[in-house]
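Undergrad: Take a look and give me a structure for this.
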Amino acid sequence: MRRDFAAGCRPGRRITGASAFPPVTAHPPNSPDPSRQSRGSFALLLGDARDLFPHGDAAVWLALGAAVLLQVAFWYYGSPGPTLLKAAPRTLETALYAVGWAAALLLLAPFAIWWGLGRSVGEFGLRPGDWRLGLPVALALALMSVPALWMVSDWQIFRATYPWPGAWPGASLGNLVAWAAIYLVYYAAFELFYRGFLLRLFEPLWGLRAAIWLQAVCATLIHLGKPWPETVLALPASLVLGLIAVRTRSLFWPVLLHFAIGMATDIASLSRHGWLLP
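TA: This is a model prediction of the structure:
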(Lines give C-alpha, C1' and ligand atoms only; values in the text may rest on other atoms or scores of the structure.)
Protein backbone atom coordinates (compact mmCIF):
# COMPACT_ATOMS: atom_id res chain seq x y z
CA MET A 1 0.00 0.00 0.00
CA ARG A 2 1.16 3.56 -0.67
CA ARG A 3 2.78 5.77 1.94
CA ASP A 4 0.33 8.66 1.72
CA PHE A 5 -1.94 6.95 4.26
CA ALA A 6 0.78 7.47 6.88
CA ALA A 7 -0.07 11.17 6.83
CA GLY A 8 -3.67 10.40 7.76
CA CYS A 9 -6.93 10.07 5.85
CA ARG A 10 -8.70 13.25 4.87
CA PRO A 11 -12.45 13.23 4.09
CA GLY A 12 -13.19 11.68 0.72
CA ARG A 13 -9.79 10.03 0.51
CA ARG A 14 -9.20 6.26 0.42
CA ILE A 15 -6.76 4.49 2.68
CA THR A 16 -3.59 3.47 0.89
CA GLY A 17 -1.17 2.76 3.70
CA ALA A 18 -0.95 1.60 7.32
CA SER A 19 -1.64 4.36 9.85
CA ALA A 20 -4.45 5.41 12.18
CA PHE A 21 -7.96 5.89 10.90
CA PRO A 22 -9.39 9.42 11.12
CA PRO A 23 -11.43 10.20 14.23
CA VAL A 24 -15.18 9.81 14.02
CA THR A 25 -17.06 13.04 14.71
CA ALA A 26 -20.76 13.74 15.18
CA HIS A 27 -22.67 15.34 12.29
CA PRO A 28 -23.45 19.04 12.85
CA PRO A 29 -27.13 20.06 12.74
CA ASN A 30 -26.93 21.36 9.16
CA SER A 31 -24.91 18.44 7.76
CA PRO A 32 -25.72 16.98 4.30
CA ASP A 33 -28.10 14.09 3.80
CA PRO A 34 -26.71 11.13 5.83
CA SER A 35 -27.87 8.62 3.20
CA ARG A 36 -25.73 10.34 0.57
CA GLN A 37 -22.79 10.38 2.94
CA SER A 38 -23.36 6.68 3.63
CA ARG A 39 -23.25 5.90 -0.07
CA GLY A 40 -20.00 7.84 -0.36
CA SER A 41 -18.57 6.07 2.66
CA PHE A 42 -19.43 2.65 1.20
CA ALA A 43 -17.71 3.65 -2.04
CA LEU A 44 -14.62 4.60 -0.07
CA LEU A 45 -14.78 1.32 1.84
CA LEU A 46 -15.01 -0.66 -1.40
CA GLY A 47 -12.03 1.26 -2.71
CA ASP A 48 -10.13 0.46 0.46
CA ALA A 49 -10.97 -3.21 -0.02
CA ARG A 50 -9.52 -3.09 -3.54
CA ASP A 51 -6.34 -1.55 -2.12
CA LEU A 52 -5.87 -4.65 0.03
CA PHE A 53 -5.02 -6.55 -3.17
CA PRO A 54 -2.45 -4.26 -4.81
CA HIS A 55 -0.70 -6.75 -7.06
CA GLY A 56 -3.67 -7.26 -9.33
CA ASP A 57 -3.22 -11.03 -9.48
CA ALA A 58 -6.46 -12.49 -8.18
CA ALA A 59 -5.09 -16.04 -8.36
CA VAL A 60 -2.43 -15.28 -5.74
CA TRP A 61 -5.00 -13.88 -3.31
CA LEU A 62 -7.29 -16.85 -3.91
CA ALA A 63 -4.34 -19.12 -3.15
CA LEU A 64 -3.75 -17.22 0.08
CA GLY A 65 -7.40 -17.68 1.07
CA ALA A 66 -7.17 -21.37 0.18
CA ALA A 67 -4.08 -21.69 2.39
CA VAL A 68 -6.03 -20.35 5.36
CA LEU A 69 -8.86 -22.82 4.71
CA LEU A 70 -6.40 -25.70 4.40
CA GLN A 71 -4.86 -24.87 7.76
CA VAL A 72 -8.25 -24.59 9.45
CA ALA A 73 -9.37 -27.87 7.89
CA PHE A 74 -6.24 -29.63 9.06
CA TRP A 75 -6.75 -28.40 12.63
CA TYR A 76 -10.32 -29.76 12.67
CA TYR A 77 -9.80 -33.03 10.77
CA GLY A 78 -6.11 -33.84 11.24
CA SER A 79 -4.57 -32.63 14.49
CA PRO A 80 -5.35 -31.76 17.21
CA GLY A 81 -9.05 -31.15 16.50
CA PRO A 82 -10.27 -34.78 16.59
CA THR A 83 -8.61 -35.37 19.96
CA LEU A 84 -9.91 -32.15 21.50
CA LEU A 85 -13.38 -32.00 19.99
CA LYS A 86 -14.27 -35.68 19.64
CA ALA A 87 -12.05 -37.26 22.31
CA ALA A 88 -10.53 -39.51 19.64
CA PRO A 89 -8.54 -42.36 21.21
CA ARG A 90 -4.82 -42.79 20.67
CA THR A 91 -4.82 -45.70 18.24
CA LEU A 92 -3.07 -46.54 15.00
CA GLU A 93 -6.32 -45.82 13.14
CA THR A 94 -6.63 -42.28 14.47
CA ALA A 95 -2.92 -41.65 13.85
CA LEU A 96 -3.26 -42.80 10.23
CA TYR A 97 -6.34 -40.60 9.92
CA ALA A 98 -4.32 -37.54 11.02
CA VAL A 99 -1.38 -38.34 8.75
CA GLY A 100 -3.74 -38.95 5.82
CA TRP A 101 -5.35 -35.54 6.29
CA ALA A 102 -1.89 -33.97 6.52
CA ALA A 103 -0.88 -35.58 3.22
CA ALA A 104 -4.08 -34.39 1.52
CA LEU A 105 -4.34 -30.86 2.93
CA LEU A 106 -0.72 -29.87 3.57
CA LEU A 107 0.99 -31.73 0.72
CA LEU A 108 -1.22 -32.61 -2.24
CA ALA A 109 -3.45 -29.53 -2.12
CA PRO A 110 -0.52 -27.05 -2.06
CA PHE A 111 1.04 -28.89 -5.00
CA ALA A 112 -2.22 -28.51 -6.94
CA ILE A 113 -2.55 -24.82 -6.04
CA TRP A 114 1.06 -24.11 -7.01
CA TRP A 115 0.58 -25.89 -10.31
CA GLY A 116 -2.58 -23.83 -10.85
CA LEU A 117 -0.56 -20.64 -10.34
CA GLY A 118 1.80 -21.79 -13.09
CA ARG A 119 4.77 -21.95 -10.75
CA SER A 120 7.33 -24.70 -10.27
CA VAL A 121 7.17 -26.85 -7.14
CA GLY A 122 10.95 -26.72 -7.27
CA GLU A 123 10.58 -23.33 -5.57
CA PHE A 124 9.61 -25.21 -2.40
CA GLY A 125 13.16 -26.51 -2.04
CA LEU A 126 12.69 -30.15 -3.05
CA ARG A 127 16.44 -30.72 -3.31
CA PRO A 128 19.39 -31.25 -0.94
CA GLY A 129 20.47 -27.64 -1.30
CA ASP A 130 23.40 -26.56 0.85
CA TRP A 131 23.88 -29.86 2.68
CA ARG A 132 27.19 -28.72 4.18
CA LEU A 133 25.17 -26.26 6.25
CA GLY A 134 21.88 -28.15 6.56
CA LEU A 135 23.16 -31.54 7.73
CA PRO A 136 25.37 -30.41 10.65
CA VAL A 137 22.85 -27.79 11.79
CA ALA A 138 19.95 -30.27 11.75
CA LEU A 139 21.94 -32.97 13.56
CA ALA A 140 23.35 -30.55 16.14
CA LEU A 141 19.95 -29.03 16.97
CA ALA A 142 18.33 -32.47 17.14
CA LEU A 143 20.98 -33.74 19.57
CA MET A 144 20.75 -30.57 21.66
CA SER A 145 16.99 -31.08 22.05
CA VAL A 146 17.22 -34.66 23.36
CA PRO A 147 17.78 -33.84 27.07
CA ALA A 148 14.84 -31.42 27.09
CA LEU A 149 12.62 -33.91 25.27
CA TRP A 150 13.50 -36.63 27.78
CA MET A 151 12.61 -34.29 30.65
CA VAL A 152 9.23 -33.16 29.30
CA SER A 153 8.27 -36.68 28.22
CA ASP A 154 7.66 -37.43 31.89
CA TRP A 155 5.11 -34.63 32.18
CA GLN A 156 1.54 -35.87 32.19
CA ILE A 157 0.50 -33.43 29.48
CA PHE A 158 3.01 -35.00 27.06
CA ARG A 159 2.42 -38.58 28.17
CA ALA A 160 -1.30 -38.07 27.46
CA THR A 161 -0.57 -36.82 23.95
CA TYR A 162 2.31 -38.83 22.47
CA PRO A 163 2.74 -41.08 20.61
CA TRP A 164 -0.35 -40.57 18.47
CA PRO A 165 -0.91 -44.35 18.01
CA GLY A 166 -0.59 -45.04 21.74
CA ALA A 167 1.40 -48.16 22.64
CA TRP A 168 1.39 -49.63 19.12
CA PRO A 169 4.78 -48.27 17.88
CA GLY A 170 6.62 -49.69 20.88
CA ALA A 171 5.20 -53.21 20.60
CA SER A 172 8.00 -54.34 18.25
CA LEU A 173 10.94 -52.99 16.31
CA GLY A 174 8.96 -53.50 13.10
CA ASN A 175 6.11 -51.38 14.45
CA LEU A 176 8.55 -48.64 15.47
CA VAL A 177 10.15 -48.57 12.02
CA ALA A 178 6.72 -48.56 10.35
CA TRP A 179 5.56 -45.68 12.53
CA ALA A 180 8.75 -43.74 11.73
CA ALA A 181 8.00 -44.10 8.00
CA ILE A 182 4.40 -42.98 8.49
CA TYR A 183 5.43 -40.09 10.73
CA LEU A 184 7.98 -38.96 8.15
CA VAL A 185 5.12 -38.42 5.68
CA TYR A 186 3.44 -36.17 8.23
CA TYR A 187 6.54 -34.05 8.81
CA ALA A 188 7.26 -33.82 5.08
CA ALA A 189 3.72 -32.53 4.51
CA PHE A 190 3.94 -30.12 7.46
CA GLU A 191 7.26 -28.62 6.38
CA LEU A 192 6.24 -28.37 2.74
CA PHE A 193 3.13 -26.42 3.70
CA TYR A 194 4.74 -23.95 6.11
CA ARG A 195 8.38 -23.66 5.07
CA GLY A 196 7.65 -24.27 1.38
CA PHE A 197 4.19 -23.28 0.21
CA LEU A 198 3.31 -20.51 2.69
CA LEU A 199 6.78 -19.00 2.84
CA ARG A 200 7.07 -18.80 -0.95
CA LEU A 201 3.48 -17.55 -1.25
CA PHE A 202 4.10 -14.74 1.25
CA GLU A 203 7.55 -13.71 -0.01
CA PRO A 204 6.61 -11.85 -3.23
CA LEU A 205 3.72 -10.13 -1.45
CA TRP A 206 5.50 -8.78 1.64
CA GLY A 207 9.18 -9.68 1.41
CA LEU A 208 11.33 -12.48 2.80
CA ARG A 209 11.60 -11.21 6.38
CA ALA A 210 7.82 -10.88 6.75
CA ALA A 211 7.30 -14.23 5.00
CA ILE A 212 9.49 -16.02 7.56
CA TRP A 213 7.57 -14.41 10.44
CA LEU A 214 4.15 -15.06 8.91
CA GLN A 215 4.78 -18.75 8.26
CA ALA A 216 6.06 -19.06 11.83
CA VAL A 217 2.90 -17.45 13.23
CA CYS A 218 0.70 -19.76 11.15
CA ALA A 219 2.67 -22.84 12.21
CA THR A 220 2.35 -21.76 15.85
CA LEU A 221 -1.42 -21.34 15.59
CA ILE A 222 -1.85 -24.89 14.28
CA HIS A 223 -0.34 -26.09 17.59
CA LEU A 224 -3.17 -24.62 19.65
CA GLY A 225 -4.63 -27.42 21.74
CA LYS A 226 -1.37 -29.37 21.94
CA PRO A 227 0.71 -29.35 25.15
CA TRP A 228 1.26 -25.71 26.09
CA PRO A 229 5.10 -25.88 26.21
CA GLU A 230 5.07 -27.25 22.66
CA THR A 231 2.75 -24.46 21.52
CA VAL A 232 4.86 -21.73 23.14
CA LEU A 233 8.09 -23.08 21.67
CA ALA A 234 6.52 -23.52 18.24
CA LEU A 235 7.14 -19.86 17.37
CA PRO A 236 10.94 -19.76 17.88
CA ALA A 237 11.24 -23.27 16.46
CA SER A 238 9.29 -22.25 13.34
CA LEU A 239 11.52 -19.20 12.87
CA VAL A 240 14.60 -21.43 13.05
CA LEU A 241 13.10 -23.96 10.62
CA GLY A 242 12.17 -21.14 8.24
CA LEU A 243 15.71 -19.72 8.37
CA ILE A 244 17.19 -23.16 7.70
CA ALA A 245 14.88 -23.63 4.69
CA VAL A 246 15.84 -20.24 3.26
CA ARG A 247 19.57 -20.46 3.98
CA THR A 248 19.97 -24.01 2.65
CA ARG A 249 17.44 -23.52 -0.18
CA SER A 250 16.03 -26.89 0.80
CA LEU A 251 13.19 -28.48 2.77
CA PHE A 252 15.23 -31.60 3.44
CA TRP A 253 16.88 -30.22 6.56
CA PRO A 254 13.80 -28.72 8.23
CA VAL A 255 12.03 -32.05 7.61
CA LEU A 256 14.96 -34.01 9.04
CA LEU A 257 15.17 -31.80 12.15
CA HIS A 258 11.43 -31.72 12.82
CA PHE A 259 11.10 -35.48 12.24
CA ALA A 260 14.05 -36.25 14.55
CA ILE A 261 12.49 -34.17 17.34
CA GLY A 262 9.09 -35.80 16.83
CA MET A 263 10.46 -39.34 16.87
CA ALA A 264 12.65 -38.60 19.89
CA THR A 265 9.55 -37.35 21.71
CA ASP A 266 7.64 -40.52 20.85
CA ILE A 267 10.47 -42.84 21.85
CA ALA A 268 10.93 -40.99 25.14
CA SER A 269 7.19 -41.18 25.84
CA LEU A 270 7.08 -44.90 24.98
CA SER A 271 9.95 -45.48 27.37
CA ARG A 272 8.28 -43.48 30.17
CA HIS A 273 5.09 -45.52 29.71
CA GLY A 274 7.01 -48.80 29.73
CA TRP A 275 5.80 -49.48 26.19
CA LEU A 276 9.16 -49.45 24.36
CA LEU A 277 9.91 -52.98 23.14
CA PRO A 278 8.58 -54.65 26.31
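Undergrad: What is the neighbour count of Ala140?
TA: Neighbourhood size, Ala140 [other CB atoms under 10 Å]: 11. Where C-beta positions appear, they are placed from N, C-alpha and C, glycine not excepted.
Undergrad: how far does the helix or strand it falls within sit from the chain's center?
TA: With the criterion set as DSSP states H and E, the secondary-structure element containing Ala140 is helix 131-152. Mean C-alpha position of helix 131-152 versus that of the full chain (CA atoms, centre = their mean, to the nearest Å) differs by 21 Å.
Undergrad: can you check stretch 119-131 too?
TA: Taking the mean of its C-alpha atoms, stretch 119-131 sits 18 Å from the chain's own mean (CA atoms, centre = their mean).
Undergrad: buried ones in it?
TA: Phe124, Gly125, Gly129 (16 or more other CB atoms under 10 Å).
Undergrad: where do the helices sit along the stretch 151-278 of the chain?
TA: Along the stretch 151-278 of the chain, the segments classed as helices by DSSP state H, counting those that start in this stretch run 156-159, 173-191, 199-206, 208-221, 228-248, 252-273.
Undergrad: what helices or strands is the shortest one leaning on?
TA: So that's helix 156-159. If you count contacts as 3 or more CB pairs under 8 Å, 6 or more residues apart in numbering; DSSP states H and E, helix 156-159 packs onto helix 228-248, helix 252-273.
Undergrad: So which residues make contact with that helix?
TA: In this structure, residues lying in contact with helix 156-159 by CB atoms under 8 Å, 6 or more residues apart in numbering are Val152, Ser153, Pro227, Trp228, Pro229, Glu230, Thr265, Ser269, Arg272, His273.
Undergrad: from those residues, which is closest to Ile113?
TA: Closest to Ile113 out of the contacts of helix 156-159 is Glu230 (28.1 Å), distances taken as CB to CB.
Undergrad: That closest one: how many residues sit nearby?
TA: Taking other CB under 10 Å as the neighbour definition, Glu230 ends up with a count of 16.
Undergrad: Please name the residues that touch the nearest residue to it once chain neighbours are set aside.
TA: Of all residues beyond its chain neighbours, the one nearest Glu230 is His223 (6.0 Å), with distances taken as CB to CB, 6 or more residues apart in numbering. For His223, the contacting residues are Glu230, Thr231, Ala234, by CB under 8 Å, 6+ apart.
Undergrad: okay if I get those as a markdown table plus distance to Val255 and pLDDT?
TA: Rendered in a markdown table, the data for the contacts of His223 read as follows (distance: CB to CB, whole Å; pLDDT from 0 to 100):
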| residue | distance to Val255 | pLDDT |
| --- | --- | --- |
| Glu230 | 18 | 96 |
| Thr231 | 21 | 96 |
| Ala234 | 16 | 97 |
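Undergrad: and which of the residues you listed is nearest Leu256?
TA: Using CB to CB, the shortest approach to Leu256 within the contacts of His223 belongs to Ala234, at 17.9 Å.
Undergrad: pretty sure that closest one is touching Gln215, no?
TA: No. Using CB atoms under 8 Å as the test, Ala234 is too far from Gln215 to be in contact (11.6 Å).
Undergrad: Low-confidence stretches in the stretch 1-150 of the chain?
TA: Regions of the stretch 1-150 of the chain meeting the criterion pLDDT under 70 cover residues 1-39, 55-56.
Undergrad: and the residue lying closest to Ala264 once chain neighbours are set aside, how many neighbours does it have?
TA: The spatial neighbour of Ala264 that comes closest, neighbours along the chain excluded (CB to CB, 6+ apart), is Leu149 at 5.0 Å. A total of 20 residues lie near Leu149 under the criterion other CB under 10 Å.
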